[in-house]
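Peer 1: All I have is the shape, not the residue letters:
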């Protein structure tokens, strides 16, 4: 397959299972034509490519690792193959690259040079959780990670609830799995009883749980969250506290 010279944003699964359950078949055709990849984690990327096509010769591929430790000065150099007319791929460790992911930095560098960027279809735990939450999907904000410090996190939660009430907006954020329980503790302590809280864990896995109910009901029927990827969403409806 002859590919257009472009930076292809390649989604990867967010759980184990058959790739055909999460990714269009056309993605495989595109990926097979790419030899240069910018990835968050080389080992994860190689494993995904092998699973996508067991015949892939990994030794013939070039990987550029882009994560939180990558020097800013290195990022522009990663685009050299694209400038020379070669297609390139960008992959996150899980889900959609460029969304809550350092891949956005290389995309901005490509945008600044007027280079072509093509996003491919794939799973996003953020959108899948919102879809299944029943919360306001007309107006929402993704807040990334909240502060680790307890006092700062508590204040941020209260501020976000106030913003949700004022702007009629769903708030969405993530947490490191081993801190899931602490995050839920903070939410139940700081949110009003009528605020709707959704906890979406292990999205797309057979063990997936996506549950929405008022905070006062969460307090009555507390869910134990395993140390698995989790998205938290809340919405302060009808101006009620």
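Peer 2: Arrived safely, thanks for sending. Quick caveat, the model's predicted, so the values are computed rather than measured.
Peer 1: among the helices and strands of the protein, which has the poorest mean pLDDT?
Peer 2: When the helices and strands of the chain are scored by mean pLDDT, DSSP states H and E, helix 72-75 comes last with a mean of 87.
Peer 1: residues of the longest helix along the chain that come out buried?
Peer 2: The single longest helix within the chain, with elements called by DSSP state H, is helix 150-167. Going by neighbour count (16 or more other Cβ atoms under 10 Å), the buried part of helix 150-167 is 153, 154, 156, 157, 160, 161, 164, 165. No exception for glycine: its C-beta is placed from N, CA and C like everyone else's.
Peer 1: looking at it, the fourth one is touching residue 188, isn't it?
Peer 2: Just to be clear, that refers to residue 157. No: using Cβ atoms under 8 Å, residue 157 is not in contact with residue 188, being 10.0 Å away.
Peer 1: how about the strands in the chain?
Peer 2: Along the chain, the segments classed as strands by DSSP state E run 7-10, 36-39, 62-65, 88-91, 117-119, 140-145, 170-175, 196-201, 209-214, 230-235.
Peer 1: Return the most buried member of these.
Peer 2: strand 88-91 (a mean of 27; mean count of other Cβ atoms under 10 Å).
Peer 1: now that strand, how far from the chain's geometric center?
Peer 2: Averaging C-alpha positions (Cα atoms, centre = their mean, to the nearest Å) puts strand 88-91 16 Å from its chain's average.
Peer 1: What is that strand packed up against?
Peer 2: Counting contacts by 3 or more Cβ pairs under 8 Å, 6 or more residues apart in numbering; DSSP states H and E, strand 88-91 packs against strand 7-10, strand 36-39, helix 42-52, helix 103-112.
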